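Peer 1: Got a sequence here, can you model it:
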Amino acid sequence: MDKFTTLTGVAAPLPLRNIDTDMIIPKQFLKTIKRTGLGKSLFYEMRYDQEGKEIPEFVLNQPAYRQATLLVTGENFGCGSSREHAPWSLLDFGIRCIIAPDFADIFYNNCFQNGILPIKLPQSEVDKLMDDASRGANATLTVDLEKQEIRGPDGGVIKFDIDPFRKHCLLNGLDAIGLTLEKKQAIEKFETSASESRPWL
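Peer 2: Now for the predicted structure:
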């Protein structure tokens, strides 16, 4: 998993509540177990019409936001089913950070497991960032995970909270497998000792 330290990029505003995982990545795209190639289907039913043509009004289809790496959105983001394809599709599109008043629990946990930083903020601060994000190509935010700060285009700073363990994992690019490999020497020592003391196993 890629490390998350500091991210500077365009923030796309998506001021909608209760965006569920089926809206993020519809069920017809869940057949694959690959984490790549899903970005083109992100928000499929909002991005494309019935003929598969882009809907110009949708934020990620607008020229200023095609390269967005942050998303500022509404409460209860990621509700619905637990499909891990939802963060996969966001990451494959290029979204590394999502800012919202709150998230559905399973989606929130899945983000950390896939190198995406979900930030919870009070609605008043989300509203400020939504206003910043509405500036199009000038909607650049910087997220500093070490300092736990979001810096806006006008120099304003918003602090955010994050669990220390999850912060450690993101800063070091550690998913569940990576955390296990940190204990590789201890695991190998135990396995050697166990095989010597109980060779019949």
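Peer 1: State the helix or strand in which Ile177 lies.
Peer 2: In the assignment (DSSP states H and E), Ile177 maps to helix 176-181.
Peer 1: Tell me which residues touch the residue nearest to the spatial centre of the chain, please.
Peer 2: For the chain, the residue nearest the mean C-alpha position is Ile116 (3.1 Å; Cα atoms, centre = their mean). Residues in contact with Ile116 (Cβ atoms under 8 Å, 6 or more residues apart in numbering) are 87, 90-91, 95-98. Quick note: C-beta positions are derived from backbone N, CA and C, even for glycine.
Peer 1: Any figure for the gap between it and Gln28?
Peer 2: According to Cβ to Cβ, to the nearest Å, Ile116 stands 23 Å off from Gln28.
Peer 1: lowest average confidence, helix or strand, in this protein?
Peer 2: Averaged element by element with mean pLDDT, DSSP states H and E, the chain has its least confident helix or strand at helix 176-181 (a mean of 68).
Peer 1: which intervals of the chain have sub-threshold pLDDT?
Peer 2: The chain contains residues with pLDDT under 70 at 179-183, 201.
Peer 1: rerun that using 90 as the cut-off
Peer 2: Where the chain drops to pLDDT under 90, the residues are 1, 28-37, 81-83, 135-139, 153-155, 175-201.
Peer 1: Packing partners of the longest helix seen in it?
Peer 2: Scanning the chain for the longest helix, with DSSP state H as the assignment, gives helix 184-197. Contacting helix 184-197 under the criterion 3 or more Cβ pairs under 8 Å, 6 or more residues apart in numbering; DSSP states H and E is no other helix or strand.
Peer 1: I'm done for today, thanks for sticking with me.
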